[in-house]
Every structure is written in C-alpha cells, then in structure tokens.
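Trainee: build me a model:
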Amino acid sequence: MVSYTPWDVNMDGRVDLQDLLAVIARWGQTGAPGWIKEDINRDGKINVLDLILIGQHWTG
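Mentor: So this is what the prediction gives:
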C-alpha cells in the first residue's frame with residue numbers, strides 16, 4: 001500500500017528524481033496556496049523551498 005505524502009509528488013511511494021523533476025517542470029509558477037501538488041509547502045510558489053522538502057525526505 002502506498003501512502004501519500006506531499007513531497008511524493010507523483011505518489012509512487014518514493015521521494016526521488018521523478019518528484020524533483022515534477023517540481024522543476026513547474027518552477028517559478030505561482031497561484032493560491034496549495035494550488036497544485038508541486039507546491040509542496042503550500043505557499044503559492046514553486047521554488048527552492050519546495051525542492052528543499054524533497055531533499056529532506058529523499059528515499060531515492
């Protein structure tokens with residue numbers, strides 16, 4: 001069973017390169033807080049803070 005965590009963007013049960021690439025693909029975009037799953041920290045911006053969260057939860 002795979003459980004969802006915000007930093008597992010593609011919801012495959014791992015935090016890895018695919019999640020990193022998903023955030024990078026949306027880099028610099030903005031919207032309402034939590035507007036898209038790549039806005040991991042739910043601040044309305046896709047930026048380095050979202051990448052840091054992926055790094056902190058990396059499973060490879």
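
Trainee: where in this protein is pLDDT low?
Mentor: Within the chain, the stretches with pLDDT under 70 are 1-3.

Trainee: just the helices in it please.
Mentor: Assigned by DSSP state H, the chain shows helices spanning 17-25, 48-56.

Trainee: what about the spatially closest residue to residue 56 that is not a sequence neighbour, neighbour count?
Mentor: In space, residue 56 comes closest to residue 7 once its chain neighbours are excluded; the distance is 7.6 Å by C-beta to C-beta, 6 or more residues apart in numbering. The way it works is simple: take the backbone N, C-alpha and C, and place the C-beta from them, glycine included. Other residues near residue 7 come to 21 when the count uses other C-beta atoms under 10 Å.

Trainee: what about residue 7, distance to residue 14?
Mentor: 10 Å (C-beta to C-beta, to the nearest Å).

Trainee: that older thread, check contacts around the residue nearest to residue 56.
Mentor: By C-beta atoms under 8 Å, 6 or more residues apart in numbering, the contact set of residue 7 is 15, 19, 40, 53, 54, 56, 57.

Trainee: quick one: contacts for the second one?
Mentor: With C-beta under 8 Å, 6+ apart as the criterion, the residues that contact residue 19 are 7, 8, 9, 10, 54.

Trainee: do residue 49 as well
Mentor: Counting by C-beta under 8 Å, 6+ apart, residue 49 touches 40, 41, 43.

Trainee: hmm, try it at 6 Å
Mentor: Neighbour list for residue 49: residue 41 [criterion: C-beta atoms under 6 Å, 6 or more residues apart in numbering].
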